[in-house]
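Engineer: Here is a sequence with its predicted model. Questions after.
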Amino acid sequence: MRFIGRRRELELIRKELSLPRPSLIVAYGRRRVGKSRLLREAVDGTNEIYFQATRVSSTLNLEAFKAETARVLGSDPVIQSIESWEGILHYVANAAGNGRKGLAVIIDEFPFVIDQDSSLPSVIQKYWDSGAPRKGSLKLILCGSAIAQMEELLAERNPLYGRKTMTLEVKQLPLRDAALFFPGYDSRQAIEAYGIFGGIPHYLQLCDPDKDIRQNVVDLLLTETGALVDEPTTLLQTELRDPGTYSSILAAIADGCTTSSEIAGRLRSDSSSLPPYIQRLSKLDLVNVNKSLDATEKERNRRYSLNDPLIAFWHHFVRSNLSAINSGFGERVYEDVIEPRLSEFMGPAFERICLDHARLYAQESLGSPAMEIGSIWGHAEFDIDVAGRTLGGSFFYGECKWQTKQIDLSVVEKLRLRSERTVYGAGKTGKNYLLFSRSGYRPEVNELAKTDTSIHLLELDDLARYPSREPALHP
């Protein structure tokens with residue numbers, strides 16, 4: 001399959017790899033997010049040792065790394081005689097300095113190795129400080145899915161602190177890249193697919209672009225043998241101890257519990273016990289911890305939301321219907337349970353999509369990128385779906401409508417009034433208003449936007465498609 005999206009990440013990695021000096025790159029992100037494929041695409045396989053570590057002893061991983069080194073560089077009795085990580089790394093550095101300049105060495109799932117040999121970061125520090133990688137401009141890339149461990153490598157107390165030349169956290173694909181997996185879908189269908197499957201490349205690759213959304217959902221989530229029917233459970237079991245508690249927290253958030261007290265009430269537990277669990281879920285990029293943009297530093301008005309659309313969809317529609325699904329009634333579950341409520345589910349999903357759009361592409365509408373983005377809530381009479389400030393200093397406010405009717409002037413006026421009632425941007429001039437609509441705008445709104453440059457109307461095509469229509473596909 002062709003590589004899709006991540007143009008910016010590719011540019012950054014390739015720029016680092018092209019520099020005439022050694023590179024130590026630390027790349028991390030949750031499982032299935034596409035780290036390995038991204039790195040291999042950036043390196044392009046022409047001068048590369050790629051090693052996938054496994055959950056075995058350090059000795060067995062070392063033997064496997066030596067075997068891969070011999071496969072790439074050629075069989076050499078010296079390789080077989082090496083008995084340490086330091087020794088094989090020096091061998092690779094010598095190879096880079098003798099005809100393999102710029103050789104890239106990717107150690108994938110690096111935490112699997114240091115779980116068995118905690119001294120390895122110190123070994124790499126000694127190796128790096130020796131200057132051995134300098135002669136051949138060696139590129140050493142450490143990659144892992146255990147986010148906490150990978151971030152620990154960057155901590156000041158870690159031996160590798162100050163040595164890395166690039167850090168890359170690989171996140172979910174944005175909507176515009178994800179939409180490229182469905183070339184036959186219109187923008188609404190692409191947005192609905194993203195609202196269900198999210199931006200994890202593995203999930204998107206499992207979808208059949210020649211099938212409609214309903215059939216992909218049935219095949220992957222509503223069939224007892226579906227590839228994703230157990231994915232949320234498997235993910236937590238793989239990543240976390242006590243997965244039941246974490247799953248219960250995710251279920252509570254999916255059901256509308258957005259504060260610590262609400263989640264604790266749902267779980268019948270003490271809210272003081274939740275922070276470590278929430279923090280871990282946030283580290284895994286499964287939960288967002290949000291605070292209203294107009295809250296003071298002392299206010300504790302945090303809200304929690306799910307950051308993984310598939311997990312949100314699974315808890316909304318799949319978890320409570322697993323018995324029917326495992327009995328072969330997945331089609332009925334879609335028809336009777338999902339179809340009548342899909343539009344309701346898509347409302348909050350659409351808000352997240354609009355927030356992401358403003359974060360990534362504010363400059364397209366406002367002429368300046370966003371330096372701050374979020375929402376405003378906690379007021380008895382109003383919330384604001386999208387709010388933020390651009391690098392140029394102007395404030396903006398947005399309303400998101402996933403509904404069948406077009407946005408009329410009353411929505412525009414309500415947004416203006418709300419922007420004047422919040423302290424966020426109070427007293428500032430040059431405010432802008434972003435409208436996001438599934439069904440378009442009434443003629444009078446379109447006419448107003450032609451004369452009022454503070455009003456910006458965004459259609460579904462604006463969200464789902466790159467302006468140039470230039471596909472981010474790589475052969």
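Structural biologist: Yep, that arrived.

Engineer: burial of H90, as a residue count?
Structural biologist: Using other C-beta atoms under 10 Å, H90 has 16 other residues around it. C-beta: built from backbone N, CA, C; applies to glycine.

Engineer: List the contacts of it.
Structural biologist: 127, 132 (C-beta atoms under 8 Å, 6 or more residues apart in numbering).

Engineer: and the end-to-end length of stretch 162-170?
Structural biologist: Taking C-alpha to C-alpha, to the nearest Å, stretch 162-170 runs 21 Å from one end to the other.

Engineer: likewise stretch 313-322?
Structural biologist: Its start and end residues considered, stretch 313-322 measures 13 Å (C-alpha to C-alpha).

Engineer: Kindly report the same for stretch 24-33.
Structural biologist: Distance between the two ends of stretch 24-33: 21 Å, counting by C-alpha to C-alpha.

Engineer: Report the distance from the helix or strand where K450 lies to the chain centre.
Structural biologist: According to DSSP states H and E, K450 maps onto helix 443-451. Helix 443-451 sits 36 Å away from the centroid of its parent chain (C-alpha atoms, centre = their mean, to the nearest Å).

Engineer: Same question for stretch 237-248.
Structural biologist: 20 Å.

Engineer: send the alpha carbons of it over as CSV?
Structural biologist: Only the C-alpha atoms of stretch 237-248 are listed here, as CSV (Å, rounded to 0.1, in the frame of the first residue of the first chain):
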residue,chain,number,x,y,z
GLN,A,237,-4.6,-5.0,28.0
THR,A,238,-1.4,-4.5,26.0
GLU,A,239,-0.5,-1.1,27.4
LEU,A,240,-1.8,-1.0,31.0
ARG,A,241,-2.0,-2.9,34.2
ASP,A,242,-5.6,-3.0,35.7
PRO,A,243,-7.2,-2.5,32.2
GLY,A,244,-10.7,-2.9,33.8
THR,A,245,-10.4,0.4,35.7
TYR,A,246,-9.1,2.3,32.7
SER,A,247,-11.8,0.8,30.5
SER,A,248,-14.4,1.9,33.0
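
Engineer: dump the residue contacts of S375.
Structural biologist: 290, 292-293, 351, 355, 383-387.

Engineer: and the residues you listed as a markdown table, adding pLDDT?
Structural biologist: Below are the contacts of S375 laid out as a markdown table (pLDDT from 0 to 100):
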| residue | pLDDT |
| --- | --- |
| N290 | 92 |
| S292 | 94 |
| L293 | 94 |
| E351 | 97 |
| L355 | 98 |
| D383 | 93 |
| I384 | 96 |
| D385 | 96 |
| V386 | 98 |
| A387 | 98 |
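
Engineer: Need the buried ones from those selected in PyMOL.
Structural biologist: Buried residues within those, by 16 or more other C-beta atoms under 10 Å, are selected in PyMOL with:
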select buried, resi 290+292+293+351+355+384+385+386+387
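
Engineer: Tell me which of the contacts of S375 fall in strands.
Structural biologist: Counting by DSSP state E, the contacts of S375 place 290, 384-387 in strands.
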